[in-house]
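>>> mind folding the following:
(chains A and B)
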Amino acid sequence: MTTKLYRMLALALVLAVCAGCSLTQPPVEGAPEPRATEVPAEPAASGTLEPELGAVHPAAAQFLADARNWRKLNNAPRAAASMERAIRIDPRHPEPWLELARLRLDGGDFSQAENLALKARSLAPRDSAWFEAAESMLVAISAQPR
Amino acid sequence: MSKKRKTSKKKAAKRKPARRATARKTRKRRPARAWWRRHWILSSLGVATIAFAVWALWLDYQITARFETRRWDLPARVYAQPLELYAGRRLAPDQLVLHLQQLGYTVDASLSGPGSYRRDGARFDIFRRAAEFWDGTETARRLTVRLADDRVAALTVAGRDAAVVRLDPLVIGSLFPAHGEDRIVLGPDTVPALLADTLRLVEDRRFEQHHGLDMRAIMRAALANLRAGGIRQGGSTLTQQLVKSYFLTNERTFRRKVREAVMAVLLELRYDKREILTAYVNEVYLGQDGARAVHGFGLASQFYFARPLAELDPAQVATLVALVRGPSFYDPIRFADRLRERRDRILTSMAETGVIDAVARDRAMATPLAVADRSASEAAYFPAFVDVVRRQLERDYDDADLRREGLAIHTTLDPLAQALALTELDAHLARLEAAGAPALQGAVVVADPRVGELQALVGGRGRGGFNRALDARRQVGSLIKPIVYLAALESGDWHMASSIEDAPVEIAQENGSLWSPQNFSGNHEGEMPLVRALAESVNVASVRVGMATGLKRIAATLRQLGGPEIEQPYGSLTLGAVEMSPVEVANVYLSLGSGGLRPPLRAVREVVGGDGNTVQRYPLTIDTVADGAALYALNTALVATMSRGTGRAAVLPQGLVAAGKTGTTNDFRDAWFAGYTGDRLGVVWVGTDDNSPTGLTGSRGALPVWSAVIGELSGEPLRLSVPEGMVAASVDYATGRQVAARCDNAVTLGLPEDIRLDAARGCGGRGVAVRALDWLRDRL
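Residues are numbered from 1 along each chain as shown, chains lettered A, B, ... in the order given. Here you go, the predicted model:
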């Protein structure tokens, strides 16, 4: 019950953030600042910095929106392709990985769903909604009979 | 047809006995002469007609079969990944220019048509070509891209802000039948009118009127030949030329001429002019590119001008038409003057007949040939990568389908990465040879570790030939050490600050002999932490770690990461006595670089069927290949390898954190480097084809290529997030003790959180000594 609640909360947050960035902010005007991930905050060699994670890249968000439409139309290959384009643009963001995991879960491919959710979780800061969402998906997958 | 032949034979058989009977009778009385004897002219004419009809039917069968199969015999076309433009994407102005050149875009201030662009500093206006993708068609559009700080800053499409847009994908090769014919096949509607007009004008003025043969042209040619006393001039129509190219023979016999003529007439009876002209445009031989025969104007346009046929100007169209007469006689490189003269003659008659106007003629005649430099099409033709694609697809497709069904194969190749890898390898090998190295060969593999896409693959110097990236399996030397240490970490008995004794060791072999591995330096350093043993690639210490961990365990880890299966591992495995190809190494390092959740190495995204509808996708997947905590610890040590160990010579942009490892095999036979940043993985091998010593270490032979390529391509430092149960600790590189992060000799290592290290006082006494050592080593 709680996991479901968490999941919904997480999804709502994700959608809200995305909707915000794709509607209110023209993707190009004034050129979105390269995210914190693009420039290391501290000098080299440590290799252990956790970047601050914002919303997914606007161009990736556009593909994720496409992907959701394809998913509604039950066109899994097109949805997957749009998600992959989103991943290629913003591969360090957990959100498109999470979407792809969800698509595989829908399609009954539990082992890919699990691996993709693990990937999403590995990219998400521990206190973020994406982490929670990935975690609850993993719980849901582990409950599936295989 | 065969039926007719049989009946005529039967008739002949019946007549034979009758003939003998008649002969006998003649002795007795004057016979009534047989009908056929009385009318022998008529009968032989009849027989000849039947024979001719049979022959014609046979020819008709042959030519129709050829026409029909050739019409649908389409090589698969292989595309690079399209350049996707979106705000924040790394792209330097020079890179964009290079890519537009690869695509054959021309500089055009007025942006008059697709395939052109203009540049104003960091602002580019591009008239993008239309392009077919599996998920839809991108129409030709005007784009504006503004770059700043080597990134895309702003993007508009047809005047409106846009989040993302893709360019047309570069054609990087094709899979064509074994006889080496490559073609880009055009449909009747895509043959440019300018080309059709020019062809008719130059090769066959009465094409629309004749029925396969042009009697006037034949007479004219015959007269000319009589005067010259031999065959000098042909009166062939386009149809005859098409027939001739179908049967690929150059003999100039009368019999062949007649056969061609009959076939030409038959072809005209069956097909209309448009179909014949289209077939001609797709078929005619226009040049040779190594083993690849260039057939058809579509491919010739790409080959000579690196752009689609539809975009050619009159000068270029005239050049291609000029080549029809004899691609080697008019070779654009060897006989440029000859070709230019013929081109200009063609342009003149184009203007005379109104195909172009006088202004266009003058402009065209003033332009240089512009085909002598074939580097543009060479730069866009990557046989080694196409080889990988073919091998990947052979698992799923019938060979005949791959080569004939007109598939569109969309790959992961990044043309900029490929061009860079090729250039850097060539340049570095030339430098090494100039410095006294023997004749060298090399291979480079570049991939995106985040999504597992193979972006570049160089199989050797020059083009084509032996694909070393795939097929040269060489000992990997110290590239194996990260796998040895990973197996040790996974066993739970070690962490990267654990101490190991670097002192002579003897290992009993299966055959009873003793193996005593040696250090590269010949010295032993005594106790050291694992991180230093790995970073400085200390052999004896690494053998000790490996033997304590267990060879079977190491072999299993290697297999798990995507390496080869080793059934009977020996002690020498710990020093890399295992043969792998550069692509296999890339696969293993991809496992390391992806934090244990590895996207398998892929070269193909989608394959679209010849009908444009059926699509085979190769989706992104993730494999779990290693324990994330152990990998994290290993990666922190591989970062230290780059900052303090054998990877120290890498010249990378400030802040570009990388992890990597050198490899050098016995007697300096192979020089390797494999490593990754946050967004690029590279593997470089340098050696000789006969496996002779090169005198090169991995650091000197391979690392400079790696750092030049990855340093230019990568925009994202390696970031290692700390998994649960682990901590990032500052550790003295020389002693393995805990020190403050500000100390010169501190390295950041991933350690299990329950490990308590001895704390050094201050920065530890050996800091200065280590620095002095570093200083000394840098100068040796």
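
>>> show me the shaky parts of chain B.
Residues of chain B meeting the criterion pLDDT under 70: B:1-32, B:71-73, B:177-181, B:228-234, B:248-252, B:372-380, B:463-464, B:764-780.

>>> list the buried residues for the helix ranked longest in it?
Across chain B, the longest stretch assigned as helix under DSSP state H is helix B:40-72. Burial within helix B:40-72, assessed by neighbour count using 16 or more other CB atoms under 10 Å in any protein chain shown, is assigned to B:59-60, B:62-63, B:66-67, B:70. For glycine as for every other residue, the C-beta is placed from the backbone atoms N, C-alpha and C.

>>> now swap in stretch B:741-754 and tell me
B:743, B:745-751.

>>> stretch B:154-171 now?
Residues B:154-157, B:162-171 are the ones in stretch B:154-171 that count as buried (16+ other CB under 10 Å).

>>> can I get the host helix or strand of B:Phe673 as CSV, trimmed to CA atoms?
Element membership of B:Phe673, judged by DSSP states H and E, is strand B:670-676. The C-alpha coordinates for strand B:670-676 follow below in CSV (Å, rounded to 0.1, in the frame of the first residue of the first chain):
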residue,chain,number,x,y,z
ASP,B,670,51.6,-5.5,-28.1
ALA,B,671,50.8,-2.1,-26.7
TRP,B,672,47.3,-1.6,-25.3
PHE,B,673,45.3,1.0,-23.6
ALA,B,674,41.7,0.6,-22.4
GLY,B,675,39.8,3.2,-20.4
TYR,B,676,36.7,5.3,-20.1
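
>>> list the pairing partners of that strand within its sheet, with orientation.
Using DSSP bridges, the strands paired with strand B:670-676 are strand B:659-664 (antiparallel), strand B:681-687 (antiparallel).

>>> how far away from the center of its chain is that strand?
In this view, strand B:670-676 has its centroid 22 Å away from the chain centroid, taken as CA atoms, centre = their mean, to the nearest Å.

>>> show me where chain A has helices.
When assigned using DSSP H, the helices of chain A occupy the ranges A:2-19, A:58-72, A:76-89, A:94-106, A:110-123, A:129-142.

>>> out of these, which one sits most buried?
For the helices of chain A, average neighbour numbers computed from mean count of other CB atoms under 10 Å in any protein chain shown are highest in helix A:94-106, which has a mean of 25.

>>> on that earlier part again, could the helices of chain A go into TSV alongside mean pLDDT?
TSV is the format used below for the helices of chain A (pLDDT from 0 to 100):
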stretch	mean pLDDT
helix A:2-19	48
helix A:58-72	95
helix A:76-89	95
helix A:94-106	96
helix A:110-123	96
helix A:129-142	94
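
>>> where do the helices sit along the stretch 351-500 of chain B?
The residue ranges that make up the helices of the stretch 351-500 of chain B, judged by DSSP state H, counting those that start in this stretch, are B:358-366, B:375-379, B:383-394, B:399-404, B:415-434, B:468-471, B:481-490.

>>> most tightly packed of the ones you listed?
Of all those, helix B:481-490 carries the top mean neighbour count, a mean of 27, counting by mean count of other CB under 10 Å.

>>> give me the residues contacting that helix.
Here helix B:481-490 makes contact (CB atoms under 8 Å, 6 or more residues apart in numbering or on different chains) with B:494-496, B:530, B:534, B:537, B:542, B:545-546, B:548-550, B:553-554, B:556-558, B:561, B:563, B:574, B:576, B:588, B:592, B:626-627, B:630-631, B:633-634, B:637-638, B:661.

>>> buried subset of these, written for ChimeraX?
With 16+ other CB under 10 Å as the criterion, this ChimeraX line picks the buried residues out of the contacts of helix B:481-490:
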select /B:494,495,496,530,534,537,542,545,546,549,553,554,556,557,558,561,563,574,576,588,592,626,627,630,631,633,634,637,638,661
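
>>> now, which of the contacts of helix B:481-490 lie within strands?
For the contacts of helix B:481-490, membership in strands holds for B:Lys661, with DSSP state E as the criterion.

>>> next step: the contacts of helix B:481-490 restricted to helices.
Among the contacts of helix B:481-490, the ones falling in helices (DSSP H) are B:530, B:534, B:542, B:545-546, B:548-549, B:553-554, B:556-558, B:588, B:592, B:630-631, B:633-634, B:637-638.

>>> give me the number of residues near B:Glu527?
Taking other CB atoms under 10 Å in any protein chain shown as the neighbour definition, B:Glu527 ends up with a count of 14.

>>> quick check, it in a strand?
Yes: assignment of B:Glu527 by DSSP: H, G, I helix; E, B strand; the rest coil places it within a strand.

>>> which one, of the helices of chain A, ends up nearest to B:Phe297?
In terms of CB to CB, the element of those nearest to B:Phe297 is helix A:76-89, at 33.5 Å.

>>> so, in contact with chain B or not, the closest one?
Yes: contact between helix A:76-89 and chain B is present through A:77-78, A:80-81, A:84-85, A:87-89 (criterion: CB under 8 Å from any CB of the partner chain).

>>> tell me which of these is nearest to B:Ile184?
Among those, A:Ala81 lies closest to B:Ile184 (CB to CB), at 25.8 Å.

>>> quick one, what contacts the closest one?
B:134-135, B:606, B:617.

>>> what does B:Gly287 give?
Neighbouring residues of B:Gly287 by CB under 8 Å, 6+ apart: B:293-294, B:300, B:303-304, B:323, B:327.

>>> tell me the one among those residues nearest to A:Arg121.
Of the contacts of B:Gly287, the one sitting nearest to A:Arg121 (CB to CB) turns out to be B:Phe303, at 49.6 Å.

>>> state the distance from that closest one to chain A.
Relative to chain A, B:Phe303 is positioned 31 Å away (criterion: CB to the nearest CB, to the nearest Å).

>>> for B:Ala92, same thing?
Distance, B:Ala92 to chain A, using CB to the nearest CB: 15 Å.

>>> again, but for B:Leu757
Between B:Leu757 and chain A the computed distance is 17 Å (CB to the nearest CB).

>>> same question for B:Arg66.
Applying CB to the nearest CB to B:Arg66 and chain A gives a distance of 38 Å.

>>> over to B:Asp689?
For B:Asp689, the distance to chain A under the criterion CB to the nearest CB works out to 36 Å.
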